[in-house]
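A.B. asks: just need the structure, nothing else, for what follows:
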Amino acid sequence: MPTRPTMRDVARLAGVSPATVSRVVNDEPYIRPETRRAVERAIDELGFHRNDIARTLRPGQTAETIALVIEDPANPFWSRVTRGAEETARRHQHMMVVGSTGQSFERERDLLRDLVRRRVDGLLVTPTAHDHVALHAELARWAPVVFIDRLPGGVPADSVVLDNFGGARQAVGHLLDRGHRRIAYIGGDPAVGTGAERLAGYRRALGDAGVAFEPGLVHLERHTVEAARETAVAALAGPGAATAIFADNNRICVGVLHAVHGRAGVDVAGFDDVELADLLPQPVALVTYDAVEMGRRAARLLFERIGGGTGPLTRVLLPTTLVVRGRG
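C.D. replies: Numbering: from 1, shown residues only. You can find the predicted model right below:
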């Protein structure tokens, strides 16, 4: 990792004293405009950020912190990832702070830049569906980044991801083995890498079984339980209706299960485990995995980089398992 630029580096480039840089950074008055401009140019060129945490510490204290930036802390998947990452952070005697993006790139960008200013030692990030090349280049100047669950295109970084393609292929294959040929796909954002891989797995399973892909059976941009429920109800109605549904995440699967409740002959498969699925009156095939281990592995990679590791970039692919839940 490159050395983080310091106030002394800025002072050297601007041709002023570190005290002058401090006065500019803290927006103090009585600084000549040309001096302020020279310092600001040096700050921009070096990518310097004031250490807001260090300013609050007593002499002799150190700020040993990593950050985890996720999508939705209310989702059980992310709570398990957080647990694994925090366990690892504690073993390395680091505190971990957690922030969420709500799938907004602007919120993600602002949050990560704020963490830069606070000088966390490293970042665990679940990126939104947006071009991250410029943002990652900015962040990588001062701290290591490990991506969790998905990796933005064109960004060189360590990552820990699931076997999304293989898991979806196995789940849809299960529905095909049960005799279904009209299988609806209900998913979220097609621009997110996980969704694209799961849709590709769905298509491969159909192809393996000699079943033609029908675009009309694919329904994307369903981000809530209610949207998934309404879509599933429509997909199961009318001529040419689906007889089975694959849901590409746990929230969508909950909506689908609401829609098929009491319907005979409709099978459901989903990606991610679903809370209390074992109590369902009908069987549901779920792609499961160890989300806690995902958090652990990502944090281990991060601490290897924090410790000075310079080996090749690592992409960890976590395996998935298909299990059938429910009482049916």
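
A.B. asks: contacts, neighbours, all on C-alpha from now
C.D. replies: Noted.

A.B. asks: now do the helices in the stretch 101-250 of the chain.
C.D. replies: Under the criterion DSSP state H, counting those that start in this stretch, the stretch 101-250 of the chain contains helices at 105-117, 133-139, 164-177, 193-208, 225-235, 250-260.

A.B. asks: neighbouring contacts of the third one?
C.D. replies: To tie it back to what came earlier, the one meant is helix 164-177. 183, 194, 197-206, 209, 244, 246, 248, 267-271, 285-287, 320-322 (CA atoms under 8 Å, 6 or more residues apart in numbering).

A.B. asks: quick check: PyMOL command selecting the buried ones in those.
C.D. replies: In PyMOL syntax, the buried subset of the contacts of helix 164-177 is picked out as below (16 or more other CA atoms under 10 Å):
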select buried, resi 183+194+197+198+199+200+201+202+203+204+205+206+244+246+248+267+268+269+270+271+285+286+287+320+322
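
A.B. asks: and of the helices of the stretch 101-250 of the chain, who's closest to Arg150?
C.D. replies: Closest approach to Arg150 among these (CA to CA): helix 193-208, 6.0 Å.

A.B. asks: I'd like to know which elements that closest one is packed against.
C.D. replies: helix 164-177 (3 or more CA pairs under 8 Å, 6 or more residues apart in numbering; DSSP states H and E).

A.B. asks: okay, the helix it packs on in PDB with CA atoms only?
C.D. replies: In PDB, the C-alpha atoms belonging to helix 164-177 read as follows (Å, rounded to 0.1, in the frame of the first residue of the first chain):
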ATOM      1  CA  ASN A 164     -23.900 -17.100  -7.200                       C
ATOM      2  CA  PHE A 165     -23.900 -18.700 -10.600                       C
ATOM      3  CA  GLY A 166     -23.500 -22.300  -9.300                       C
ATOM      4  CA  GLY A 167     -26.000 -21.800  -6.500                       C
ATOM      5  CA  ALA A 168     -28.700 -20.400  -8.800                       C
ATOM      6  CA  ARG A 169     -28.000 -23.100 -11.400                       C
ATOM      7  CA  GLN A 170     -28.500 -25.800  -8.700                       C
ATOM      8  CA  ALA A 171     -31.700 -24.300  -7.300                       C
ATOM      9  CA  VAL A 172     -33.300 -24.000 -10.700                       C
ATOM     10  CA  GLY A 173     -32.100 -27.500 -11.600                       C
ATOM     11  CA  HIS A 174     -34.000 -28.700  -8.600                       C
ATOM     12  CA  LEU A 175     -37.200 -27.100  -9.900                       C
ATOM     13  CA  LEU A 176     -36.600 -28.600 -13.300                       C
ATOM     14  CA  ASP A 177     -36.100 -32.100 -11.700                       C
END
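
A.B. asks: in it, which residues are buried?
C.D. replies: For helix 164-177, the buried set under the neighbour-count rule, 16+ other CA under 10 Å, comprises 164-176.

A.B. asks: and for stretch 120-134?
C.D. replies: Residues of stretch 120-134 classed as buried by neighbour count (16+ other CA under 10 Å): Val120, Asp121, Gly122, Leu123, Leu124, Val125, Thr126, Pro127, Thr128, Ala129, His132.

A.B. asks: surely the last one touches Arg150?
C.D. replies: No: because the distance of 12.0 Å does not satisfy CA atoms under 8 Å, His132 is recorded as not touching Arg150.

A.B. asks: thinking again about what came up before, of the helices of the stretch 101-250 of the chain, which is nearest Glu214?
C.D. replies: Among those, helix 193-208 sits nearest to Glu214 (CA to CA), with 9.5 Å.

A.B. asks: now do that closest one and helix 164-177, the angle between them.
C.D. replies: Counting by axes from the mean of the first three to the mean of the last three CA atoms, to 10 degrees, helix 193-208 lies at 40 degrees to helix 164-177.

A.B. asks: since that was my last question, I'll sign off now.
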